[in-house]
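>>> next comes the sequence, and after it the predicted model I'd like to discuss.
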Amino acid sequence: LLKATGAAAVKVEGGKVIAPTIEFLTSRGIPVMGHVGLTPQAVNILGGYGVRGKSAAEARSIVEDAEAVAKAGAFALVIEGVLEPIAIEITEKVPCPTIGIGASAQCDGQVLVTEDMLGLFDRVPKFVKRFGAMDVQVEDAVKQYAEDVRSRTFPGAEQLYQPE
């Protein structure tokens, strides 16, 4: 997979349950980044995109998941959509770098979905800071494109290949 895609690593969502898979991969030289808390690929199982770790039991489980993933050999860990104290506790407990997304400024690094931070969608998760409002520019550009296609001014001479 890494060779075919040119990727440098794989990212695996989950905790204690997926730790044996992470150990299997890392023991064979495949770099793995873990992902705990809100795990988007399991959002339907989790019941939506809400914050994770509200109950003491769920908070404890997320910390245990992070520890298991780190122990299994993950080189880094994404912590997404959890109450801040959970992210801080994980960052203090695991030896690998933590990357927060809706977690805490105390994580070792941060990540945001580019489309969210650039303002390409109306929906803005609580943890997103919009660093732009490109949705208006994109909408205007798409409208202009559609208008040019309908009026048959696109493609024009400068976009077409002609015989010499």
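Perfect, I can see it now.

>>> map the structural domains onto the sequence of the chain.
Per the record's domain assignment (automatic domain parsing), the chain is made up of the domains 1-111, 112-152.

>>> host element of Ile57?
Actually, residue 57 is Ala. It isn't Ile. When secondary structure is defined using DSSP states H and E, the element that contains Ala57 is helix 56-71.

>>> any residues touching that helix, and which ones?
Contacts made with helix 56-71 from outside it, assessed by C-beta atoms under 8 Å, 6 or more residues apart in numbering, are listed as 12, 14-16, 18-19, 22, 34, 36-37, 52-53, 77, 79, 82-83, 85-86, 89-90, 93-96. Backbone N, C-alpha and C define where each C-beta goes, glycine included.

>>> tell me which of these fall in helices.
Applying DSSP state H to the contacts of helix 56-71, the entries found in helices are 19, 22, 85-86, 89-90, 93.

>>> most widely separated two among the residues you listed?
Ile22 and Pro85 (24.9 Å; C-beta to C-beta).

>>> which of the two has more neighbours?
A direct count of neighbours by other C-beta atoms under 10 Å for Ile22 and Pro85 places Ile22 higher, at 24 against 13.

>>> surely that one touches Leu77?
No: taking C-beta atoms under 8 Å as the definition, Ile22 is not a contact partner of Leu77, at 10.6 Å.

>>> which residues do these two both contact?
Contacts common to Ile22 and Leu77, judged by C-beta under 8 Å, 6+ apart, are 34, 69.

>>> where does pLDDT dip in this protein?
40-49 (pLDDT under 70).

>>> center of it, which residue is that?
Nearest to the mean C-alpha position of the chain, counting by C-alpha atoms, centre = their mean, stands Val113 at 6.1 Å.

>>> need the strands for the chain, in chain order.
Using DSSP state E, the strands of the chain run over 10-13, 32-37, 76-80, 98-101, 109-110.

>>> so which of those comes closest to Arg150?
Go through the strands of the chain one by one with C-beta to C-beta and the one that ends up closest to Arg150 is strand 98-101, at 40.3 Å.
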